[in-house]
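Visitor: please work out how this folds:
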Amino acid sequence: MDTLKMRENLKEYGMLTIVTIVLILTDYLILFPNHFTFGGVIGVAVLLSGVLGGSPNTYAFIMNAVLFVIGFKVLGKEFGIRSVYVSVLFATGLGAVQYLIPVHGTISDQPILELVLAVLLAAACSGAIFNLSASTGGTDIIALMLKKYTNIHIGKALMVTDFFVVVLSFVIYGTTVGMFSLVGYIVKALFIDTVIESLNLCKYFTIISTDPKPICSFIHEELNHSATLYRAEGAYSHKEKMVIMTVVGRRQAVKLRNFVRQQDPHAFMMITNSSEIIGKGFRGML
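Guide: Presented below is the predicted three-dimensional model:
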């Protein structure tokens with residue numbers, strides 16, 4: 001493994017560690033004291049705490065640990081090194097945090113504010129973890145096992161299961177907590193995709209110019225990206241033009257746009273948002 005690749009891996013594992021710790025603290029400090037239930041193993045742990053008593057941390061730790069062992073044995077390499085790392089960190093972190101930070105109630109007297117904070121943090125952390133090709137285990141392990149051995153549509157199955165867990169919160173904790181949980185479940189489900197798309201967002205440029213050489217040089221030398229050229233003809237003027245296609249990051253997009261406008265004021269630019277870029281220099285390249 002070269003030095004650049006090793007640094008990239010260390011950076012991503014560092015991000016996974018930070019995001020997982022934030023998710024653990026979100027569950028422990030906000031979800032558990034308020035009995036918010038957004039589904040998944042954490043939601044089941046909150047319900048079990050309401051029915052059987054005890055700390056949700058304990059139930060979550062036990063369920064995650066059991067699912068991790070089963071998932072690792074059944075799925076093997078399919079489980080993924082990063083998912084193993086995050087699953088172990090998440091399970092052990094939930095087990096340890098109750099001894100490191102004793103909590104005997106909610107952190108404020110504003111449940112709506114805590115709900116908003118919990119949803120935003122949980123969705124942002126989950127989205128970031130998914131974006132780094134990992135998972136926190138729990139129901140994700142069940143989904144992988146179902147995918148391996150059945151033809152069940154995993155996404156719908158998990159949504160139905162999580163919704164059922166949320167409905168049970170009405171029965172166990174009452175209408176108020178149930179409604180908070182339902183709102184959180186819906187917003188989190190919608191917000192995760194937004195987070196993932198935002199993290200991956202790039203700018204796709206289609207530039208039509210009669211002088212492409214300076215623009216291509218700027219893309220190569222200043223932005224460290226490549227571009228694709230092809231010839232075109234103006235439908236009205238019938239003059240030959242060159243079309244430059246390239247993809248850059250959001251910050252680089254401002255530099256490229258300003259350079260093109262300065263270098264070739266008559267150039268025609270189309271700038272499009274894209275969150276699915278697969279190829280050299282972008283995530284998704286194997």
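Visitor: buried sites along the helix or strand of the chain with the lowest mean pLDDT?
Guide: When each helix and strand of the chain is scored by mean pLDDT, DSSP states H and E, helix 139-149 comes last, with a mean of 72. Within helix 139-149, the residues scored as buried using 16 or more other Cβ atoms under 10 Å are 139-146. No exception for glycine: its C-beta is placed from N, CA and C like everyone else's.
Visitor: pull it out as PDB, backbone CA atoms only.
Guide: Extracted in PDB, the C-alpha atoms of helix 139-149 (Å, rounded to 0.1, in the frame of the first residue of the first chain):
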ATOM      1  CA  THR A 139     -30.300  -3.900  11.500                       C
ATOM      2  CA  ASP A 140     -27.800  -3.400   8.700                       C
ATOM      3  CA  ILE A 141     -26.400  -6.900   9.600                       C
ATOM      4  CA  ILE A 142     -29.900  -8.400   9.400                       C
ATOM      5  CA  ALA A 143     -30.400  -6.700   6.000                       C
ATOM      6  CA  LEU A 144     -27.100  -8.200   4.700                       C
ATOM      7  CA  MET A 145     -28.100 -11.700   5.900                       C
ATOM      8  CA  LEU A 146     -31.600 -11.400   4.400                       C
ATOM      9  CA  LYS A 147     -30.100 -10.200   1.100                       C
ATOM     10  CA  LYS A 148     -27.700 -13.200   1.100                       C
ATOM     11  CA  TYR A 149     -30.400 -15.900   1.700                       C
END
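Visitor: so how far is it from its chain's centroid?
Guide: Its chain's C-alpha centre and that of helix 139-149 lie 19 Å apart, by Cα atoms, centre = their mean, to the nearest Å.
Visitor: packing partners of that helix?
Guide: helix 56-75, helix 154-173 (3 or more Cβ pairs under 8 Å, 6 or more residues apart in numbering; DSSP states H and E).
Visitor: quick one: mean pLDDT for the helix or strand following the last one?
Guide: Secondary structure here is assigned by DSSP states H and E; on that basis, the next helix or strand after helix 154-173 toward the C-terminus is helix 175-200. The predicted model assigns helix 175-200 a mean pLDDT of 81.
Visitor: next one: helix 175-200 to chain centre, how far?
Guide: With Cα atoms, centre = their mean, you get 13 Å for helix 175-200.
Visitor: that one to helix 154-173, inter-axis angle?
Guide: 150 degrees (axes from the mean of the first three to the mean of the last three Cα atoms, to 10 degrees).
Visitor: what does the model give the closest residue to Ile21 other than its chain neighbours for pLDDT?
Guide: Excluding the flanking residues, the one nearest Ile21 by Cβ to Cβ, 6 or more residues apart in numbering is Gly93, at 6.6 Å. Per-residue pLDDT puts Gly93 at 88.
Visitor: same check, this time on Phe32
Guide: Looking at Phe32, its pLDDT reads 90.
Visitor: isn't it right up against Asn57?
Guide: Yes - the pair formed by Phe32 and Asn57 meets the contact definition of Cβ atoms under 8 Å, at 7.0 Å.
Visitor: now this structure, which segments are flagged as low pLDDT?
Guide: 1-2, 4, 77-79, 144, 147, 152-157, 193, 196-197, 199-200, 276-286 (pLDDT under 70).
Visitor: redo that, cut-off 50
Guide: Across the chain, the ranges flagged by pLDDT under 50 are 284-286.
Visitor: so where do the helices sit in it?
Guide: 3-26, 32-34, 40-52, 56-75, 81-100, 111-131, 139-149, 154-173, 175-200, 212-221, 250-263 (DSSP state H).
Visitor: turn the ones you listed into TSV, including distance to Ala232.
Guide: Output for those, formatted as TSV (distance: least, Cβ to Cβ, whole Å):
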stretch	distance to Ala232
helix 3-26	37
helix 32-34	59
helix 40-52	51
helix 56-75	50
helix 81-100	43
helix 111-131	36
helix 139-149	45
helix 154-173	41
helix 175-200	29
helix 212-221	11
helix 250-263	16
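Visitor: which among the ones you listed is found nearest to Tyr236?
Guide: Shortest distance between Tyr236 and the helices of the chain, using Cβ to Cβ, is found for helix 212-221: 20.1 Å.
Visitor: export that closest one as PDB, just CAs?
Guide: What follows is helix 212-221, C-alpha atoms only, in PDB (Å, rounded to 0.1, in the frame of the first residue of the first chain):
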ATOM      1  CA  PRO A 212     -10.000  25.300 -25.200                       C
ATOM      2  CA  LYS A 213      -6.200  25.100 -24.600                       C
ATOM      3  CA  PRO A 214      -5.900  27.600 -21.700                       C
ATOM      4  CA  ILE A 215      -9.000  26.200 -20.100                       C
ATOM      5  CA  CYS A 216      -7.700  22.600 -20.300                       C
ATOM      6  CA  SER A 217      -4.300  23.700 -19.000                       C
ATOM      7  CA  PHE A 218      -6.000  25.400 -16.000                       C
ATOM      8  CA  ILE A 219      -8.000  22.200 -15.200                       C
ATOM      9  CA  HIS A 220      -4.900  20.000 -15.400                       C
ATOM     10  CA  GLU A 221      -2.300  22.200 -13.700                       C
END
